[in-house]
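A.B. asks: Pasted the sequence and its predicted model underneath.
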Amino acid sequence: MKIAVIQGPNLNMLGIREQHIYGSMGLEQIHEQLKTAAEQNGVEIEFFQSNLEGEIVDRIQECLGTVDGIMINPAAYSHTSIAIKDALSAVSMPVVEVHISNIYKREEFRQKSITAGASTGVISGFGPFGYHMGLIALMQIISEVKAISQAQQKNA
């Protein structure tokens, strides 16, 4: 099982920016903890972060046929990017959207996620632990998808 973790704009500034909202843990720390959890579960995981919408779209498209699922924190692009939503829809695989803060307790413009419409599920407001929740969710979803596919092939 292989999962891509895609991080959006300004997440490279975690641990520095607005710690009262995002906490003091940096992105590298989050990735190290997530990598350890993935390895303990026999999951291969790769990380990507960009502040550029087009690079995120390119990375999502590169996931087609190379990974089993995507965990994405589109950050501010959640609220604005039809391009990222369309890319997620196009690759047609399990996607879990993660937000460190509870977007529903924030400014009104942050309470709507365009990209959530192309996601299997959304985890919001649990801080860095939300990434671990996303990993568990993706492992379960991918296992179910593989089991269904195997059953269909067996019955064909």
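C.D. replies: Sure, I can see it.
A.B. asks: Quick one: find the helix or strand in the protein with the lowest mean pLDDT.
C.D. replies: None of the helices or strands of the chain scores lower by mean pLDDT, DSSP states H and E than helix 19-22, at a mean of 80.
A.B. asks: Quick one: mean pLDDT for whichever helix or strand comes after it?
C.D. replies: For helix 19-22, the following helix or strand on the C-terminal side (DSSP states H and E) is helix 27-40. Here helix 27-40 scores 97 as its mean pLDDT.
A.B. asks: Now do the buried residues in helix 27-40.
C.D. replies: Buried residues in helix 27-40, counting neighbours by 16 or more other CB atoms under 10 Å, are found at 27, 30-31, 34-35, 37-38. Where C-beta positions appear, they are placed from N, C-alpha and C, glycine not excepted.
A.B. asks: Can you add distance to Y131 and give the residues you listed back as TSV?
C.D. replies: Shown next, in TSV, are those (distance: CB to CB, whole Å):
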residue	distance to Y131
L27	10
I30	6
H31	9
L34	5
K35	11
A37	9
A38	10
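A.B. asks: Now for S113: which residues touch it?
C.D. replies: With contact set as CB atoms under 8 Å, 6 or more residues apart in numbering, S113 has these partners: 74, 78-79, 97, 99, 103, 122.
A.B. asks: so where's this structure uncertain?
C.D. replies: For the chain, no stretch is flagged by pLDDT under 70.
A.B. asks: Sort out for me which of the contacts of S113 are in strands.
C.D. replies: Within these, residues falling in strands by DSSP state E are 97, 99, 122.
A.B. asks: Looks like the last one contacts V95 (just checking).
C.D. replies: No - with the criterion set as CB atoms under 8 Å, V122 and V95 do not qualify as a contacting pair; they are 9.6 Å apart.
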